[in-house]
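1. Fold the following for me, if possible:
(2 chains)
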Amino acid sequence: DTEVTQTPKHLVMGMTNKKSLKCEQHMGHRAMYWYKQKAKKPPELMFVYSYEKLSINESVPSRFSPECPNSSLLNLHLHALQPEDSALYLCASSQGQFLLLDGYTFGSGTRLTVV
Amino acid sequence: AQTVTQSQPEMSVQEAETVTLSCTYDTSESDYYLFWYKQPPSRQMILVIRQEAYKQQNATENRFSVNFQKAAKSFSLKISDSQLGDAAMYFCALTTSGTYKYIFGTGTRLKVLA
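-> Numbering: from 1, shown residues only, chains lettered A, B, ... in the order given. Model prediction:
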């Protein structure tokens, strides 16, 4: 299995809703990432998990809450989002946090719309 | 500070022709790696090709090749025999040894004309 699977593919939520994004990989990768991508822009790093522990938070607002229940699964819990949080949320994985030489494997993303 | 610059927001190429996408970068590190990622309408970012800075030989992957000019800090991507499936946003990216993230350029949208 050489894929990163993200669900759901599309999500529309209200500003008072609580929702979660899910990301799964079975490649034995030990680092997993959440990226946010606005239209026609490059991805921006949000969080890095290394060996199931949060190692990097790129000053992301607390309304985004990541969770790594096990080495294959990464969640992003969303609460009280703003319309400007509407974006494509990409999950990625790599062999290790400091081993980016082989590149990331990305998922296809969740298109989030906050209304 | 490390930067990656893609000066061409959009490019077009006729099917079966060759196109070159430009990328320049800046870093003070000696141990770094450069990448081209492709993002088609399906949204998934796909690694196209990578280059290790200490290797002088330009990387190639089938129809994709790079022109790595280390002194000029230039890393262009050449796509030969362009196909409709090559239409996508292409991002150039830089990472250095021991860091945890990539520095991405702003992207070049490639259109392939039938």
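2. Look at residue A:60 and say how many residues are nearby.
-> 17 (other Cβ atoms under 10 Å in any protein chain shown). Heads up, the C-betas are built off the backbone N, CA and C, glycines and all.
3. Just the pLDDT for the closest residue to chain A within chain B.
-> The minimum distance from chain B to chain A, using Cβ to the nearest Cβ, falls at residue B:104 (3.6 Å). Per-residue pLDDT puts residue B:104 at 95.
4. Can you tell me how far it is from residue B:17?
-> Look at residue B:104 and residue B:17: by Cβ to Cβ, to the nearest Å, they are 27 Å apart.
5. Those two: which is more packed in?
-> residue B:104 (23 against 13).
6. Not counting residues beside it along the chain, what's closest to the more buried one?
-> residue A:42 (3.6 Å; Cβ to Cβ, 6 or more residues apart in numbering or on different chains).
7. could you list every residue that touches the most centrally placed residue in chain B?
-> Note on chain B: the residue nearest the mean C-alpha position is residue B:36, at 3.3 Å, using Cα atoms, centre = their mean. Contacts here follow Cβ atoms under 8 Å, 6 or more residues apart in numbering or on different chains; on that basis residue B:36 touches B:21, B:23, B:47-50, B:64, B:66, B:77, B:90-93.
8. Helix, strand, or coil at residue B:85?
-> Here residue B:85 is helix, with the state taken from DSSP: H, G, I helix; E, B strand; the rest coil.
9. who's in contact with it?
-> B:40, B:112.
10. show me where chain B has strands.
-> B:3-5, B:10-14, B:19-21, B:24-26, B:32-39, B:46-52, B:60-61, B:64-69, B:74-79, B:88-96, B:103-104, B:108-113 (DSSP state E).
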